[in-house]
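# I'd like to go over a predicted model; first the sequence, then the structure.
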Amino acid sequence: MGTQNLSVPPRAQSADGDNPPRSGVIHDNVRHIANFTVVGNHLAQHPDLSLLARGLGLYIQSVRLGTPVDIKSLTARFKEGAVRISAALRELEAHGYLRRERERAADGRVVTRTVSCNNPRARRRAAGTACPARPAAPARTAPERASSRPRGTGVRKALPALPQPSSKAPTLLQAAVDLLADLRRHDSRLLLSATDTAHLAPGVAAWLERDIRTTAVRHALTSGLPDDPLRRPAALLAHRLTDALPPPAPYRAPADASPTPVRHPLQNCDGCDRSIRAPEPGVRCRDCRAATLDHH
């Protein structure tokens, strides 16, 4: 390389140098000759990037061409989780170290390409086409816009009203809360606050009391989620609970149910005037009927 890297000493520097500093770090460096990445201090010491964003930017610049760096791939490799990783990617994108481009593949699918810029300022100066500070977001559907709306410093928009169950049984509501709390095990982006869980629980209970299995409710809430970060997952879940609510289950009598016995009104026996149950007046009681038969 023709450019001198002033941050790397020309020779190995021992920890016990001639004039070690009285405080702070002491570098014990050995020159790399293979398997290394040159990263600018503008990224490593960026004053506005979080430590996670700087580390993620370093990782992305160090991998081979074509390595997957989408949220799912990064979450599978690192333990920080999808929420923190997606926030770090947005930081890098906002400061020009990343840009995401939508392209149509040969099979017709629309895919997202992630472009890493190792020196956005130099690229802007040289060609005027560096990674944009904030790229234009692709068009989204109404529920995706609601779930991805950024959280501002103002008043948070209230969640929409939800279908309510006919029963307020504690066991039914607890089953709904348990189902919502378990969603994060299927998608870490569905980590809900206690307030959002309490708001969504009646909507889930309305599904459960309609004889919908918990696995079916979970599938309806977690399948087909957008790949973009979910900034308001509770809003997306509320939309699905309301929009896809199934009709009540048809009533089915128990298989072993016996017919209800018929109770006739009280009538007076025509022979002895005793009260008996009969469908209509003018009927004789059992004793009167027996006496009539004996007489004949």
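Nice, I can see it.
# give me the element A175 is part of.
helix 170-182 (DSSP states H and E).
# next, count neighbours for V69.
17 (other Cβ atoms under 10 Å). Every C-beta, even on glycine, is put in place using the N, C-alpha and C of the backbone.
# number the chain from 145, please
Shifting the count to begin at 145 puts that one at V213.
# identify the residues contacting it.
204, 207, 258, 260 (Cβ atoms under 8 Å, 6 or more residues apart in numbering).
# again, but for C413
419-420, 427-429, 432.
# from the residues you listed, which would you call buried?
With burial judged by 16 or more other Cβ atoms under 10 Å, the buried subset of the contacts of C413 is 420, 427-429, 432.
# narrow those residues to those in helices?
The helices, defined by DSSP state H, take in C432 from these.
# and stretch 320-332, C-alpha only, in PDB?
Written as PDB, here are the backbone C-alpha positions of stretch 320-332 (Å, rounded to 0.1, in the frame of the first residue of the first chain):
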ATOM      1  CA  ALA A 320     -53.500 -15.300  26.500                       C
ATOM      2  CA  VAL A 321     -50.700 -13.600  28.500                       C
ATOM      3  CA  ASP A 322     -48.600 -16.700  28.400                       C
ATOM      4  CA  LEU A 323     -49.000 -17.000  24.600                       C
ATOM      5  CA  LEU A 324     -48.000 -13.400  24.100                       C
ATOM      6  CA  ALA A 325     -45.000 -13.700  26.400                       C
ATOM      7  CA  ASP A 326     -43.800 -16.800  24.500                       C
ATOM      8  CA  LEU A 327     -43.800 -15.100  21.100                       C
ATOM      9  CA  ARG A 328     -40.300 -13.800  21.600                       C
ATOM     10  CA  ARG A 329     -39.000 -17.400  21.600                       C
ATOM     11  CA  HIS A 330     -40.200 -17.700  18.000                       C
ATOM     12  CA  ASP A 331     -39.100 -14.200  16.900                       C
ATOM     13  CA  SER A 332     -36.900 -12.000  19.200                       C
END
